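Visitor: Fold the stuff below for me.
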Amino acid sequence: SRAERGCIDCPTTGRFGILAGVVVALAVTAFLPYRALARTRAFGRFGARAERLKIIESQVEFQPKFKVLVSFYQVASTLGPVYGVRLHEDFTRWTDFIDAISFDLLGLTYPDACIGSMAERLLLAGLWPIASIMLGGAAIACYALAEWLLSGRADSLRREFVRATLRHLLYWAILVAYLVLPSVSRSIFKAKQCESFDINAFTGERRSYLVADLEVLCRSDDEMYRGLDAYFWAFFVLWPVLVPLVLLCLLLWIRRDVRALRVTRLSRACRFLWRDYNASCHYWELADLYRKLFLASLVLFIQTDDGSSKLLRLIVASVVSALFLTALALVKPFKRFDDFYLACTANLLLTCCFVLGTVVQI
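Guide: The predicted model follows:
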């Protein structure tokens, strides 16, 4: 435990139940006021306040700023575990909140070593977002069913309720995938994240061990290491490959509607991906997603034998961040200039972090 500065006992399994209750309570707390405000917009004082909040949101546009900040912190939080940058405790003490914004649910609530074998950890890391999507989808479907049954015009509104429910389900799935994809991919890559150690000072012989489980030797002839390959490649295809590919297919499907400024059911359900950008740059969210994926997880393919003890990852990350910043400055994809300046500032800070990390490693 970093807080206790030593080893502590594993928490009880009841902590998962408490966590699930907290997550459900937060989701209900956020969802019900949203629906209540939507229904009371036309009723007196509450309706006036709801309209005022809607005007403020339209003027400020919180969504793009939220996405820029989340993207920055999701990549910045990998400086230690992925790039091996070790900062002084006095500096990292006030940056611990970054871990919460990484949306690594298991890592934040339950120590990896307490879950079980490395294979079980990979299963949990790859499946809990799917369970979250299914639980959220079930809640949305139950709410839509109750609203349909209580509407008094069940037969005439059935098709419209089904379409609205599917639209909300797709929006929820896109939101969850966007938030958890970097952290889930990084958890999957723990099956390949190794670090080498000197075992013979006279011959210079070194051995690489899995950072997440030091009992696993990073060699092709190690049975435990080979057993993790099936889990790794299955979840690698599912998350870093298929999820961005599905998002790309959605953006390609709606590209004509977005460029023509037509609002269809599908484009409205996918608005989280394109609403903040110019019509000609509606694909930019996917480019930013690939940038986060590469910097937070795919870079672990570099020097898998020596792990984070080398500088090559930091050098590659510095070059990629600088190139992306240049492309961002040239394309200017955002509709609002304040969002554009915020994104440029965040990417500039990331580039500086990687460059300074290289200096610290040297």
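
Visitor: Run through the stretch 51-200 of the chain and note the low-pLDDT ranges.
Guide: The stretch 51-200 of the chain contains residues with pLDDT under 70 at 51-60, 87-113, 151-158.

Visitor: Now do the helices in it.
Guide: Using DSSP state H, counting those that start in this stretch, the helices found in the stretch 51-200 of the chain span residues 62-76, 89-92, 98-101, 105-109, 118-149, 154-188.

Visitor: Figure out which of those is closest to Arg275.
Guide: Across the helices of the stretch 51-200 of the chain, Arg275 has its closest neighbour in helix 62-76 (7.1 Å, C-beta to C-beta). No exception for glycine: its C-beta is placed from N, CA and C like everyone else's.

Visitor: Can you give the distance of the closest one from its chain's centre?
Guide: Offset of helix 62-76 from its chain centre (C-alpha atoms, centre = their mean, to the nearest Å): 10 Å.

Visitor: Show me how far stretch 115-128 is from its chain's centre.
Guide: Per C-alpha atoms, centre = their mean, the centroid offset for stretch 115-128 relative to its chain is 17 Å.

Visitor: Around Ser71, count how many other residues there are.
Guide: Counted with other C-beta atoms under 10 Å, residues neighbouring Ser71 total 24.

Visitor: show me what contacts it?
Guide: Residues in contact with Ser71 (C-beta atoms under 8 Å, 6 or more residues apart in numbering) are 288, 292, 346.

Visitor: got it, and Leu175?
Guide: By C-beta under 8 Å, 6+ apart, Leu175 lies in contact with Phe272.

Visitor: any idea how far Val355 is from it?
Guide: Noted for Leu175: a distance of 33 Å to Val355, by C-beta to C-beta, to the nearest Å.

Visitor: then stretch 68-84 to CSV, C-alphas only?
Guide: Taking C-alpha atoms only, stretch 68-84 is exported to CSV below (Å, rounded to 0.1, in the frame of the first residue of the first chain):
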residue,chain,number,x,y,z
VAL,A,68,-9.9,16.8,-22.9
LEU,A,69,-9.2,16.7,-19.2
VAL,A,70,-10.0,13.0,-18.8
SER,A,71,-7.8,12.2,-21.8
PHE,A,72,-4.9,14.2,-20.3
TYR,A,73,-5.1,12.5,-16.9
GLN,A,74,-5.6,9.0,-18.4
VAL,A,75,-2.3,9.4,-20.2
ALA,A,76,-0.5,11.3,-17.5
SER,A,77,-1.3,8.6,-14.9
THR,A,78,0.8,6.1,-16.9
LEU,A,79,4.1,7.9,-16.4
GLY,A,80,4.9,5.6,-13.5
PRO,A,81,3.5,2.2,-14.3
VAL,A,82,4.2,2.3,-18.1
TYR,A,83,7.2,4.5,-18.5
GLY,A,84,9.0,3.9,-15.2
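
Visitor: got the buried residues for that stretch?
Guide: Neighbour-count burial for stretch 68-84 flags 68, 70-84 (criterion: 16 or more other C-beta atoms under 10 Å).
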